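**Q** have a look at this prediction, sequence included:
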Amino acid sequence: MIELSNGHRFEYMAASGALAFDGKGWPWEWPLRKMGLFDPSLFTVVIKTLTFDPRKGNLRRYNPFGCIRLLPGGIVNAVGLTNPGFRWWCSKIGPTVNPQKIPLVGSILSDKMGELIMMTRMLNGFDLVALEVNPSCPSTEGDFLENTQRIIDGCKTVGVESRFPLILKLSVVHDIKSILPEVKDIVEAISINSVPWVVIFPNKKSPLAHLGSGGVSGKIAQSHTWGFVKRLVESTDIPVIGPSVWDFEDIAKLRKIGAKAISFGSIFLRYPWRPTLFVRKDSKNR
């Protein structure tokens, strides 16, 4: 369990993008909700990451799975931060947020401090439970991916402006020895992104190479993401949210290596009923 400074407590998280921009899920998940197999209210939900201006990315309404490929035990995606921009969210989604039904975490990305400040200030006006700074999208080149000082400066900037507790989303490629000491009094939890294709498959061409290779998630990424959890736990007192759940037993394994909360990401895409099933079973067993 993680308890944030505003009193919000959570044990299960839906990772950024897993349940769309409003936490209610993507259209293909709605029938499962009506059947009782998909319950977003069980999770603290991170919205799909917003940028200052709209980004076309690689996700297309007419072909939503064109930027995703299934792998044995996982997924590679090159969505590329497709989003309508934070002003759209503030206008269309923000006014409908109800943290009593689905607690939402905002998620933002920019390599410009002025944009981060404006987004943070506007998001302060909504009923979020936390704000995630996401400098680690593996399918977007640049954008904080390996710029350590920019990550630190971004956290400090958002930390000053935000009325919400701050979550930092990191990648296995980040220099945590440099980052963690600088953000330890600012960041209240750490989430973990999917793994850049080249890290897991350095000598193999991605099936999404035409879109920028993408990020790998799921069971196939566990050796990297769980190893990263262990490194983080050994390096900082900031609570770590454990990712890459694929089977029910993974929840206990993540807790054993020190994760204080559990994140469900690409499993929603491959097996959208499993997170709800797992959380219900885990809650009953504890």
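**A** Ah, there it is. Everything numeric in this text was worked out from a predicted model, so none of it was measured.
**Q** from now on I want contacts and neighbour counts done on CA atoms only, so please keep to that.
**A** OK.
**Q** tell me which helix or strand Asp250 sits in.
**A** Take DSSP states H and E as the rule and Asp250 turns out to sit in helix 249-256.
**Q** which residues touch that helix?
**A** Identification of contacts with helix 249-256 by C-alpha atoms under 8 Å, 6 or more residues apart in numbering yields 226, 242, 245, 261-262.
**Q** now that helix, how far from the centre of its chain.
**A** How far helix 249-256 lies from its chain's middle: 19 Å, per C-alpha atoms, centre = their mean, to the nearest Å.
**Q** quick check: buried residues in it?
**A** With burial defined by 16 or more other C-alpha atoms under 10 Å, the residues of helix 249-256 counted as buried are 250-251, 254.
**Q** with stretch 156-174 instead?
**A** Applying a neighbour-count criterion of 16+ other C-alpha under 10 Å, one finds 156-159, 161-172, 174 buried in stretch 156-174.
**Q** tell me where this structure has strands.
**A** Using DSSP state E, the strands of the chain run over 2-3, 9-10, 12-14, 44-46, 68-71, 74-77, 104-108, 130-133, 166-170, 187-192, 195-196, 215-217, 241-242, 261-264.
**Q** now those strands as CSV including mean pLDDT and distance to Val97?
**A** Shown next, in CSV, are these (pLDDT from 0 to 100; distance: least, C-alpha to C-alpha, whole Å):
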stretch, mean pLDDT, distance to Val97
strand 2-3, 98, 21
strand 9-10, 98, 18
strand 12-14, 98, 16
strand 44-46, 98, 11
strand 68-71, 90, 29
strand 74-77, 91, 28
strand 104-108, 97, 8
strand 130-133, 97, 13
strand 166-170, 97, 19
strand 187-192, 98, 22
strand 195-196, 93, 30
strand 215-217, 93, 28
strand 241-242, 98, 23
strand 261-264, 98, 21
